[in-house]
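[1] pasted the sequence and its predicted model underneath.
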Amino acid sequence: MKYHIVTYGCQMNLHESEKIAGILREKGYTEETDIDNADIIVFNTCCIRENAENHAFGNIGALKRHKREKKDLIIAVGGCMAQEKGKAELIREKFPFVDILFGTHNLNELGALIDKKRAQKKRVFSLKEEREETEDGITPVRTGYPGAWVNIMYGCNNFCSYCIVPYVRGRERSRRPEEIVNEVRSLAEAGYREITLLGQNVNSYYGDDGTAFPELLDKCASVEGNFRLRFMTSHPKDFSEELVKVIKKHKKICSCIHLPVQSGSNRILSLMNRRYTREKYLEEIALLRKEIPDCAVTTDIIVGFPTETEEDFQETLSLVKEAGFASAFMFIYSPRTGTRAAVMEGQIAEEISKDRLSRLIDAVNEQTRNISAGYVGKTAEILCEGYDEKKKMYLGRDEYGRMGYFADDRDRIGEFVTLRIEHANGISLYGSVVEE
Ligand code: SAH
Ligand code: SF4
Ligand code: F3S
């Protein structure tokens with residue numbers, strides 16, 4: 001019996017697919033890379049923007065043929081879109097060949113749902129409204145060596161006015177600090193070289209014993225072993241001086257922070273319910289740069305939020321420069337049913353948003369290119385993550401998140417390799433190995 005998992009969305013979802021794989025393996029399934037040969041297909045979906053949803057629907061629709069050809073194939077749909085209000089009914093109606101539906105709060109029950117489906121002819125659709133527990137007892141099948149993800153918290157309480165995550169992931173729940181530190185320790189002992197702590201807003205982590213995020217990060221970075229530590233995502237409203245101190249204190253913690261700004265306009269930030277101003281955001285960056293001058297800052301930006309004017313957008317462009325972002329994820333605002341922004345007046349026409357997005361991408365890319373160009377002639381230490389078959393080169397990232405490529409006859413995956421950078425192309429660096 002073989003499983004095939006299709007994952008959409010963020011790192012949280014990628015890690016959850018590792019947990020789904022853990023459940024399936026426990027049930028006796030083995031992984032199958034070819035979807036045509038699978039006995040169970042699981043879609044782990046995302047609903048952050050409309051196109052993420054459309055993509056998932058399109059691909060689920062395409063499974064009809066598989067079901068026709070293989071009668072006992074099980075098709076399961078889970079994740080954020082499955083949890084979204086009204087979507088279970090829609091899937092039930094539009095996709096009669098979907099056998100199992102589960103949400104974000106009952107992923108741990110997938111094994112039982114499969115048993116139930118096998119025992120009866122009927123479809124098994126099961127959703128839970130909330131989840132209290134922070135431990136799921138699942139051993140994930142890790143797929144990211146030399147990297148590994150560790151959840152530190154689930155859910156989100158921020159209700160940014162555009163965002164659906166609080167509705168599909170529930171309220172914030174933090175895992176116990178010792179569970180997290182133990183997981184980090186066992187990953188380090190197992191030879192993982194890059195551990196990423198995951199949460200929608202890691203800065204609001206709050207352990208049952210009062211441990212706050214900087215303290216947790218300090219504990220994780222104090223675990224012995226040859227590994228790097230990353231964390232995401234940080235919300236600017238909860239960013240603190242203590243956090244900067246901890247990043248500075250530990251060599252293990254990458255000098256790199258993902259700090260989504262969303263907009264450079266105070267008026268838009270307020271409508272977004274982000275609870276910080278442009279000035280506060282820039283002060284945080286200034287503090288980071290003062291304490292950790294080499295720190296790379298990456299971000300997320302939305303264009304075309306309701307009522308955004310050209311002046312608002314110009315403020316975003318100027319903030320990109322002032323903040324000196326190393327790179328950014330940039331999106332066109334997508335209205336999500338049930339969120340406050342979806343019913344705001346002043347929705348922006350798509351052509352305007354598209355034009356802003358393309359100007360924003362140009363501005364960010366220019367900065368990214370300049371930073372990359374600054375590497376030429378210097379060295380960079382990268383953690384080798386994989387091999388690019390097309391380029392016939394190994395690839396990896398430095399602590400700032402820059403991608404470095406190099407050729408080597410030996411297998412270098414999982415090793416820290418020093419490169420002399422010979423040329424740069426966009427966000428990618430190309431170099432040769434500096435032998436120690
Ligand atoms: N919790 C994280 C990110 C969650 S979603 C944070 O607060 O930063 C990742 C990114 O998707 C967000 O930072 C935002 O830029 C984008 N995003 C979320 N909802 C969106 C929407 N409705 N339309 C467009 N982009 C959106
Ligand atoms: Fe969404 Fe805001 Fe929560 Fe991030 S902090 S997940 S953008 S509501
Ligand atoms: Fe992630 Fe998408 Fe859900 S971004 S939290 S998988 S809505």
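    Happy to help now that I have it. Numbers count the residues shown, from 1 in each chain. Ligands and ions are numbered 1, 2, ... in the order given.
[2] what's the mean pLDDT across stretch 232-246?
    What stretch 232-246 shows for mean pLDDT is 96.
[3] can that stretch be found next to ligand 3?
    No: Stretch 232-246 stays clear of ligand 3 (Cβ under 6 Å from any ligand atom), getting no nearer than 10.2 Å. Glycine gets a C-beta too; all of them are placed from N, C-alpha and C.
[4] now swap in stretch 154-162 and tell me
    No: Stretch 154-162 does not reach ligand 3 (Cβ under 6 Å from any ligand atom); its nearest approach is 8.3 Å.
[5] quick one: residues in contact with that stretch.
    By Cβ atoms under 8 Å, 6 or more residues apart in numbering, the surrounding residues in contact with stretch 154-162 are 131, 134, 163, 165-166, 169-173, 199-201, 204, 235, 237, 262, 271-275, 302, 305, 333-336, 339-341, 344.
[6] ok, now with 7 Å
    Stretch 154-162 is contacted from outside by 134, 165-166, 169-173, 200-201, 235, 271-274, 302, 305, 333, 336, 339-341, using Cβ atoms under 7 Å, 6 or more residues apart in numbering.
[7] how about the residue of the stretch 201-350 of the chain found nearest ligand 3: what's its closest non-neighbour residue?
    Here the residue of the stretch 201-350 of the chain nearest ligand 3 is Arg336; by Cβ to the nearest ligand atom that distance is 9.2 Å. Nearest in space to Arg336, with sequence neighbours left out and distances taken as Cβ to Cβ, 6 or more residues apart in numbering, is Ile164 at 4.2 Å.
[8] same check, this time on Val6
    Among residues not flanking Val6 along the chain, Phe43 sits closest, at 5.1 Å (Cβ to Cβ, 6+ apart).
[9] in what helix or strand does the one you found lie?
    strand 40-45 (DSSP states H and E).
[10] that strand pairs with which strands, and in what direction?
    Strands adjacent to strand 40-45 in the sheet, as given by DSSP bridges, are strand 2-7 (parallel), strand 74-79 (parallel).
[11] now do the buried residues in the helix or strand bottoming out on mean pLDDT in the chain.
    Among the helices and strands of the chain, helix 64-69 carries the lowest confidence by mean pLDDT, DSSP states H and E, at a mean of 92. Neighbour-count burial for helix 64-69 flags 66-67 (criterion: 16 or more other Cβ atoms under 10 Å).
[12] residues in contact with it: which ones?
    73, 75, 97.
[13] from Gly58, how far out is the residue lying closest to the last one once chain neighbours are set aside?
    Spatial nearest neighbour of Phe97, excluding adjacent residues (Cβ to Cβ, 6+ apart): Lys67 at 4.1 Å. When distance is defined by Cβ to Cβ, to the nearest Å, Lys67 is 16 Å away from Gly58.
[14] for the protein, what's the longest helix?
    Taking DSSP state H as the criterion, the chain has its longest helix at helix 350-373.
[15] so how do I select the buried members of the contacts of helix 64-69 in ChimeraX?
    This is how ChimeraX selects the buried members of the contacts of helix 64-69, with burial counted by 16+ other Cβ under 10 Å:
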select :73,75
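[16] need the contacts of helix 64-69 in CSV (columns: distance to Ala349).
    CSV is the format used below for the contacts of helix 64-69 (distance: Cβ to Cβ, whole Å):
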residue, distance to Ala349
Leu73, 43
Ile75, 38
Phe97, 38
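[17] and the contacts of helix 64-69, which is closest to Gly426?
    Checking those against Gly426 with Cβ to Cβ, the nearest one is Ile75 at 38.5 Å.
[18] the closest one: what's it in contact with?
    For Ile75, the contacting residues are 41, 63, 67, 97-99, by Cβ under 7 Å, 6+ apart.
[19] can you tell me the closest non-neighbouring residue to the closest residue to ligand 3 within the stretch 101-250 of the chain?
    Across the stretch 101-250 of the chain, the shortest distance to ligand 3 (Cβ to the nearest ligand atom) belongs to Val165, at 5.1 Å. Distances taken as Cβ to Cβ, 6+ apart place Cys156 nearest to Val165, at 5.1 Å, with adjacent residues excluded.
[20] can you tell me the SS state at the one you found?
    With DSSP: H, G, I helix; E, B strand; the rest coil as the basis, Cys156 sits in coil.
[21] give me the element Ile20 is part of.
    Judged by DSSP H and E, Ile20 forms part of helix 11-26.
[22] could you pull out the helices for the protein?
    Using DSSP H, helices in the chain cover 11-26, 50-61, 64-69, 80-83, 87-94, 110-119, 165-169, 177-189, 213-221, 241-249, 266-271, 278-291, 310-323, 350-373.
[23] switch those over to TSV; also include distance to ligand 1.
    Shown next, in TSV, are the helices of the chain (distance: least, Cβ to the nearest ligand atom, whole Å):
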stretch	distance to ligand 1
helix 11-26	9
helix 50-61	8
helix 64-69	29
helix 80-83	10
helix 87-94	16
helix 110-119	24
helix 165-169	6
helix 177-189	18
helix 213-221	14
helix 241-249	15
helix 266-271	12
helix 278-291	12
helix 310-323	12
helix 350-373	10
